[in-house]
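Novice: What would the 3D arrangement of this be:
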Amino acid sequence: MDKNKIFKLLLFIFAPLITLILVVVFWFWKSEPTPQPNSDNSTNKTIENVSNKLSPTPQIKGIKDEKLQRQTDALVPLFGNFQSVPVFVVDEPVNHSRAGAEPGVAYAECDRKNVPTIYVKKEFYQKANPKMLTNILKHELTHAYFCRQGIQAGHDERWRKKFTEVGGFGN
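Specialist: You can find the predicted model right below:
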């Protein structure tokens, strides 16, 4: 047999096999489930609703503070290729949904399009030292990071890992 016939025979045998493999790989890749914000999978559920609320429509409340927004934007590069997250100062109680929990100082809301917004309690913002403020912004940006991925991570293991990676401490 000459080389040309051998090449055609190999091409005839292997081309359909390679095509089949590519189709199967593509099918598995496309059919892999993506995490859904309202999934029943407990690892995707939020533990603390105040930190990751899913609101039907985003309702901006509070006031925009340019200094606070600049501080937040300065931390965004810690999360890699990540867009700015709007942050507002609110003059309202920030209560955790769990009984007996301490009142909160900030929270991140995640709308149904995975667009996060951060709210910081006015009293905290006015009295916090720079280290406390930076830490709480890292905390809420970590929630925003997962929101953008469509994941409602409360304070689970992956959330804590990311929070620590960006230099956050505590809860």
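Novice: For the residue nearest to the spatial centre of the chain, which residues are in contact?
Specialist: For the chain, the residue nearest the mean C-alpha position is Phe146 (1.3 Å; Cα atoms, centre = their mean). Counting by Cβ atoms under 8 Å, 6 or more residues apart in numbering, Phe146 makes contact with Asn52, Gln152, Ala153, Arg158, Trp159, Lys162. C-beta: built from backbone N, CA, C; applies to glycine.
Novice: how about a cut-off of 7 Å?
Specialist: Ala153, Trp159 (Cβ atoms under 7 Å, 6 or more residues apart in numbering).
Novice: next one: Glu140
Specialist: For Glu140, the contact set (Cβ under 7 Å, 6+ apart) comprises Ala106, Tyr107, Ala108, Ile118.
Novice: Please repeat the previous calculation with a cut-off of 8 Å.
Specialist: So Glu140 contacts Ser51, Val85, Val87, Ala106, Tyr107, Ala108, Ile118, Val120 (Cβ under 8 Å, 6+ apart).
Novice: Surely it is within a helix?
Specialist: Yes - using DSSP: H, G, I helix; E, B strand; the rest coil, the secondary structure at Glu140 is a helix.
Novice: Strands of the chain, start to end?
Specialist: Listed in chain order, the strands of the chain (DSSP state E) span 52-55, 63-64, 87-90, 106-111, 116-121.
Novice: Give me the distance between the closest residue to Tyr119 other than its chain neighbours and Pro16.
Specialist: Once flanking residues are discounted, Tyr119 sits nearest to Val90: 4.8 Å by Cβ to Cβ, 6 or more residues apart in numbering. From Val90 over to Pro16 the distance is 62 Å, taken as Cβ to Cβ, to the nearest Å.
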